[in-house]
Structure formats: structure tokens, C-alpha cells
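1. Only the shape, not the letters, is given here:
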């Protein structure tokens, strides 16, 4: 069980920007800082911008910066927005694939895993970017 | 974020066996029940046997059955034993790869994710196979 690299990178970008909220950072600069591929970082930055966490500043000294106060960015929401799939097991999927397990519809495992996931996210919902940056 | 198919299958095997604890089930039979590959199921059954949750019965009417009372099998332990990787982000890995993030050693995200994982497993530690089968 792990978060995708995309979510890992998203959180690192946000922490980096929150440490100096007024500074515009280039994607190149952040990629070099973390020794990550610029391509990977750019895609993740686009996701963060799409969800309103950061904004792009155009021009010669352009780059990215936070679009919100770091105290208003809830970590649980970032994980929900960026993580492509929080479906812990096959039965969490919608459509025919999710309905094919022979234990459904009376499976108590699905409810148990769902409860564990709620507790996981609850911890992250109680922290903002300002708390961890 | 999802569990591996191996853990999903392991839990399904255990639930199936717990529903009729005295019955010896063939791997073929369980694979057909869940419409899963026999190969996948066999590998997972070997892992479950290695960790002492089930045992193989040899012979013509052989198969697998629980090796413990279902009330003594804690779901959190099964997930820890079968899930190959609970390292939520790169920084959870040991070795050079885990130490390369520029935010370390003073990163509060690692502690936060670790706390969320503890809460996740805590829910699963409070349920036995008997509770969910």
C-alpha cells in the first residue's frame, strides 16, 4: 500500500512553496532540488494548479507559487484530489469489475477497509500545509 | 492508494475458509468461485501457509483449510504479512533511495503519513477473521 509518486511529488511541491510563500519558484529549480524529472514535476504542478492549490506566473522570471494561504490547504484534500485511485480493493471499483467478487453484496471486509480508509484520511484532514511546512 | 491484488485475494481466501472451517477446499474450487487465476491464488495460498494462517492437506481430496481458529486471526496482521510494501512515500524506504528527499531529515510529512498509516492499521487490528467472515 503506497501513495503514487504523483501525490508524493505534489506534497513536496506544496511544502517547498509554503516555506517561502512570496517567492516564485521555477519548475526546473524544484525538480533539481528534489532530483526528480522535470516532466513528472510539471504534470503534477498542472494537477495542483487545476485544483487551485498553486498558480503559474508567466514571463521571464515566472514559475509557480501558492494560490492560497498554506493554513487553508488541508492535506487530506490534496491527497484526495491528486491520488488517482483510493479504491483499496477490487470491490471498491464501480462498474462490472467492482461487482464481480463472489462475497458481495454481504461482505463485511469492504466496510472494514472503508472504515480504515476514513481513519487514514481523518488524520490528514486534521493538518494543513502550514502545520507541516 | 490501494492494497495489492495479493492481499485482496488473501483476505478472500481466509473469509471463504472461515465460513466452513472444517471443510477442505481445493484451490481450483476457490479460484473458480472468485473467477480468479489459479496461479495467482496458489501463490497467495503459499504466502498464507508460510505465515501459519492456513495449512495444506495432501491427497486425493486434499486442499487448504484454516490452520488457526478464525477468532485468533487479526486482519491487521494478515495485511502486514501479505502486503509487500507499506511504505507510503519514497521517504519510508530504507537504503539510499529513501534518504534522498531534500526535505529530510526535518520533514513533518513523513511523521504525518506514518500516523495516518497507524490509524489505518489500528482499525484492522481491532477485527478478527471471525468478525468479518
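-> Right, received. Where do you want to start? Since the structure is predicted, the reported quantities are computational estimates derived from the model, not experimental observations.

2. list the buried ones in the longest helix along chain A?
-> For chain A, the helix that runs over the most residues, judged by DSSP state H, is helix A:108-125. For helix A:108-125, the neighbour count (16 or more other CB atoms under 10 Å in any protein chain shown) marks A:109-110, A:112-113, A:116-117, A:119-121, A:123-125 as buried. Placement of C-beta: from N, CA and C, glycine included.

3. and that helix with chain B, contact?
-> Yes. For helix A:108-125 and chain B, the contact criterion (CB under 8 Å from any CB of the partner chain) is met by A:108-109, A:112-113, A:115-117, A:119-124.

4. tell me which strands and helices the helix or strand bottoming out on mean pLDDT in chain A is in contact with?
-> Of the helices and strands making up chain A, the lowest-confidence element is helix A:27-34, at a mean of 93, by mean pLDDT, DSSP states H and E. Identification of packing neighbours for helix A:27-34 by 3 or more CB pairs under 8 Å, 6 or more residues apart in numbering or on different chains; DSSP states H and E yields helix A:5-19, helix A:38-50, strand A:63-66.

5. So which elements touch the second one?
-> Spelled out, that is helix A:38-50. helix A:5-19, helix A:27-34, strand A:54-57, helix A:75-82.

6. Residue B:88 is nearest to which of the ones you listed?
-> helix A:5-19 (8.3 Å; CB to CB).

7. Can you tell me which of the helices and strands packed on helix A:27-34 is nearest to residue A:82?
-> helix A:5-19 (4.5 Å).

8. Give me the distance from that closest one to the chain's centre.
-> Relative to the chain's own centre, helix A:5-19 is displaced by 8 Å; criterion: CA atoms, centre = their mean, to the nearest Å.

9. again with stretch A:83-97
-> 18 Å.

10. How about it and chain B, touching?
-> Yes. Contact of stretch A:83-97 with chain B (CB under 8 Å from any CB) involves A:83, A:85-90, A:92.

11. ok, so of these, who is nearest residue B:26?
-> residue A:90 (22.2 Å).

12. which residues sit in contact with the residue of chain A positioned farthest from its centre?
-> In chain A, the residue that sits farthest from the middle, by CA atoms, centre = their mean, is residue A:102; the gap is 32.8 Å. Applying CB atoms under 8 Å, 6 or more residues apart in numbering or on different chains, we find residue A:102 in contact with B:33-35.

13. May I ask which of these has the most neighbours?
-> Greatest neighbour count in the contacts of residue A:102, by other CB atoms under 10 Å in any protein chain shown, goes to residue B:34: 19 neighbours.

14. Sticking with the nearest residue to that residue once chain neighbours are set aside, tell me its helix or strand.
-> Among residues not flanking residue B:34 along the chain, residue A:102 sits closest, at 5.3 Å (CB to CB, 6 or more residues apart in numbering or on different chains). Using DSSP states H and E, residue A:102 sits in no helix or strand.

15. Out of the contacts of residue A:102, flag the one nearest to residue B:132.
-> Nearest to residue B:132 among these, with distances taken as CB to CB, is residue B:34, at 16.2 Å.
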